[in-house]
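Q: Any chance you could fold what I've pasted below:
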Amino acid sequence: LSDLKFAANGDMFGTDQNNMIYQIDASTGKIKHIYSSGDVNEYGLVNHSLLIVTGNQVQQYDIQTGKQKQAIDVLNKYLAGAKKSLMIPGNKKDDLYFCNEKGLYHYVLGGNVVEQLADGSLSMLSSGKFTNLAVDSNGNFLVTYKNSDQQPVLKHYTFSKKAEATPSHEITVYSLNDNSTVKQQITKFQSENPNMHVNYEVGVSGKNGESTSDAIKNLNTKILAGKGPDVLILNGMPVDSYVEKGLLADMSDVIDKYTGKNEVFKNIVEAYQTKNKIYAAPIRFKVPILIGHQDALDQIHNLDTMGDYAKSYLKAGDKTPLLDIQDSSMLAVKLFPVIAGDWFTSHGSLSKSRLTDALTRLKKIYDASTENLSKKQLNAYKKKFEYAVNKGDMTKIQYYEPYMDVSLSAPDIAEGRTRLAAGTIGSFDAIAILSSVHESDRTISYQLLNKEKHYFVPGITVGMSSKGKNQEGAKKFISYLFSEKAQNIDYTGG
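A: Numbers count the residues shown, from 1 in each chain. Next comes the predicted model:
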């Protein structure tokens, strides 16, 4: 049994792997009652009642008889279908306290009113990473969480007459797609700034069939009408166009205080400068990396030399795939960060000859990577890809994203399954994996994917709307994103 709890009468309750709830006499070990409700998202004990949260309702059982009682409909909108929730009895016999991502609540069994004690969006509750809930004899609450390093954190919540019931300041953060790192940063920021409420808006939620272009059009309309967000996560947005139209505010005063202290990479920020002003900057970035045995790396400096190496590798007749690639599109995505810049002329127009030359070299690398793969292997990969994109809920880029982490391919090189691995590194864990593989085999090393030109891949790029209603609040939030406290957390995204 798991998720053990004790009722006021001393009986022990627990669930098995089939979502059956057992009521056991703790003094004898005998089973009193078994409760089956199909699916169990959470359950709680209040006085003589067992409350079971399912996908669509909150069921109630009498633990003295084991019989089902009338469902508690007033709790349905708070608990039924919630991603995660916790329930505990209060200090009075019919008191129930529960929490979910939306907040902390109080309910009296048999009543018709649910009281919200804390707004989840103003605390760490919104992260959904709470693990335990308790109330002391004074009515204060203890909540344990898992932080970004999966370490336990204990938070103590008390009632304060001085605290504002609702924050006096408010900003809105917008991104085209849902971003877990942004949500986590918002949660941390709000927990440290209780007088600031941060709304998070997502343009393409996937629920209403809206396209990216539709979302950008709607966003532009709101910005021009003065009803747009204060902070923009600029991934996937027409940044240059926004700068030209004056829709982004200069953030130099925010960024300068960090570059002056060498707390952010000055060269990364300078890549975004326009006429000595900074309208956008990445809060996370990744570095394109090539992993392999040192004798191979010594011969590769850029895409040209990688193509030459691929050609000689094919002639040598080595049966080991050059790269762990089964799809030409994946190869292009992996190498895109270091080849796309060379496709354009100094005037910004696409060069047909440069693009053709790049694709020709990509073809050599692809051939050297798939020469010895059977049709069955290639077809199996194609089916997996088509199923994920056509029947799954993801775009092609979303499908490729996990494969971009080059550290995941490092063990393949160590075990002889592939000769090279290309991609990006963007986390402390990735660096640790590369170091571990290098320590185990000193002939394996890594280098920049292009030694001659230093590239980076922006992970999460942020900007501030020039039309926002709360620019001071936006600056405070953006300043937090670049702070050492926020940067030290190993979130995803770079």
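
Q: So for this structure, which residue is the most central one in space?
A: For the chain, residue 180 is the residue whose C-alpha lies nearest the centre (C-alpha atoms, centre = their mean; 3.0 Å).

Q: for this structure, which strand is longest?
A: Longest strand in the chain, counting residues (DSSP state E): strand 281-293.

Q: mean confidence score for that one?
A: The average pLDDT within strand 281-293 is 89.

Q: partners of it, with directions?
A: Within its sheet, and counting by DSSP bridges, strand 281-293 is paired with strand 420-425 (antiparallel), strand 444-448 (antiparallel), strand 457-464 (antiparallel).

Q: Looking at those, which is nearest to residue 253?
A: strand 457-464 (10.8 Å; C-beta to C-beta). In this view, the C-beta of every residue, glycine as well, is placed from N, C-alpha and C.

Q: what is the rounded mean pLDDT of that closest one?
A: Rounded mean pLDDT across strand 457-464 is 90.

Q: With stretch 377-390 instead?
A: 72.

Q: Just say helix, strand or coil for residue 110.
A: Under DSSP: H, G, I helix; E, B strand; the rest coil, residue 110 falls in the coil class.

Q: was I right about it contacting residue 94?
A: Yes: counting by C-beta atoms under 8 Å, residue 110 does reach residue 94; the two are 6.5 Å apart.

Q: my guess is residue 272 meets residue 266, correct?
A: No: Residue 272 is beyond contact range of residue 266, at 11.4 Å (criterion: C-beta under 8 Å).

Q: quick one, which of the two is more surrounded?
A: residue 272 (20 against 12; other C-beta atoms under 10 Å).

Q: if I look at the more buried one, how far off is residue 283?
A: With the distance defined as C-beta to C-beta, to the nearest Å, residue 272 ends up 12 Å from residue 283.

Q: I'd say residue 471 and residue 249 touch.
A: Yes: counting by C-beta under 8 Å, residue 249 is a contact partner of residue 471 at 6.6 Å.

Q: what's the overlap in contacts for the two?
A: residue 464 (C-beta atoms under 8 Å, 6 or more residues apart in numbering).

Q: Mind checking which of the two has more residues around it?
A: Per other C-beta under 10 Å, whichever of residue 471 and residue 249 has more neighbours is residue 249, with 20 against 16.

Q: What spatial separation is found between residue 231 and residue 144?
A: Distance, residue 231 to residue 144, by C-beta to C-beta: 30 Å.

Q: And residue 105, by the same measure?
A: Taking C-beta to C-beta, one finds residue 105 at 18 Å from residue 144.

Q: where's stretch 27-46 relative to the chain centroid, distance-wise?
A: Computed by C-alpha atoms, centre = their mean, to the nearest Å, the chain-centroid distance of stretch 27-46 equals 35 Å.

Q: Now the terminal residues of it, how far apart.
A: Length of stretch 27-46, first residue to last, C-alpha to C-alpha, to the nearest Å: 20 Å.

Q: in that stretch, what counts as buried?
A: For stretch 27-46, the neighbour count (16 or more other C-beta atoms under 10 Å) marks 33, 35, 37, 40, 41, 42, 43, 44, 45, 46 as buried.

Q: lowest average confidence, helix or strand, in the protein?
A: helix 396-400 (a mean of 61; mean pLDDT, DSSP states H and E).

Q: which ones are touching residue 424?
A: 286, 287, 288, 289, 337, 404, 405, 406, 457.

Q: Relative to residue 456, how far out is the third one?
A: When C-beta to C-beta is the yardstick, residue 288 and residue 456 sit 8 Å from each other.

Q: Tell me the confidence at the residue nearest to the centre of the chain?
A: 81.

Q: got it, and residue 51?
A: For residue 51, pLDDT reads 95.

Q: after the helix or strand hosting residue 332 comes which helix or strand?
A: For residue 332, the enclosing helix or strand under DSSP states H and E is helix 328-339. Using DSSP H and E, the helix or strand that follows helix 328-339 in sequence is helix 352-370.

Q: show me where pLDDT drops low in the stretch 51-200 of the chain?
A: Applying pLDDT under 70 to the stretch 51-200 of the chain flags residues 148-149, 162-167.

Q: can you give me the strands for it?
A: In the stretch 51-200 of the chain, the strands defined using DSSP state E, counting those that start in this stretch lie at 58-62, 68-69, 85-89, 95-100, 103-108, 114-119, 130-135, 141-146, 152-157, 169-175, 196-202.

Q: circling back: what is the most widely separated pair among the buried residues of stretch 27-46?
A: 33 and 41 (20.0 Å).

Q: before we move on, back to that, may I see the strands paired with strand 281-293 arranged in a markdown table, with distance to residue 433 as well?
A: Output for the strands paired with strand 281-293, formatted as a markdown table (distance: least, C-beta to C-beta, whole Å):
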| stretch | distance to residue 433 |
| --- | --- |
| strand 420-425 | 9 |
| strand 444-448 | 11 |
| strand 457-464 | 18 |
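
Q: Which among the strands of the stretch 51-200 of the chain is found nearest to residue 186?
A: strand 196-202 (4.8 Å).

Q: Okay, buried residues for whatever helix or strand comes next after the closest one please.
A: Where DSSP H and E defines the elements, the next helix or strand beyond strand 196-202 is helix 212-224. Buried residues in helix 212-224, defined by neighbour count with 16+ other C-beta under 10 Å: 215, 216, 219, 220, 222, 223.

Q: next one: stretch 272-284
A: Applying 16+ other C-beta under 10 Å to stretch 272-284 flags 272, 278, 279, 280, 281, 282, 283, 284 as buried.

Q: Tell me the bridge partners for the second one.
A: On the basis of DSSP bridges, residue 278 is bridged to residue 273.

Q: residue contacts, it?
A: 250, 251, 252, 255, 269, 272.

Q: If we use 10 Å, what do you get?
A: 248-256, 259, 269-270, 272, 463-464 (C-beta atoms under 10 Å, 6 or more residues apart in numbering).
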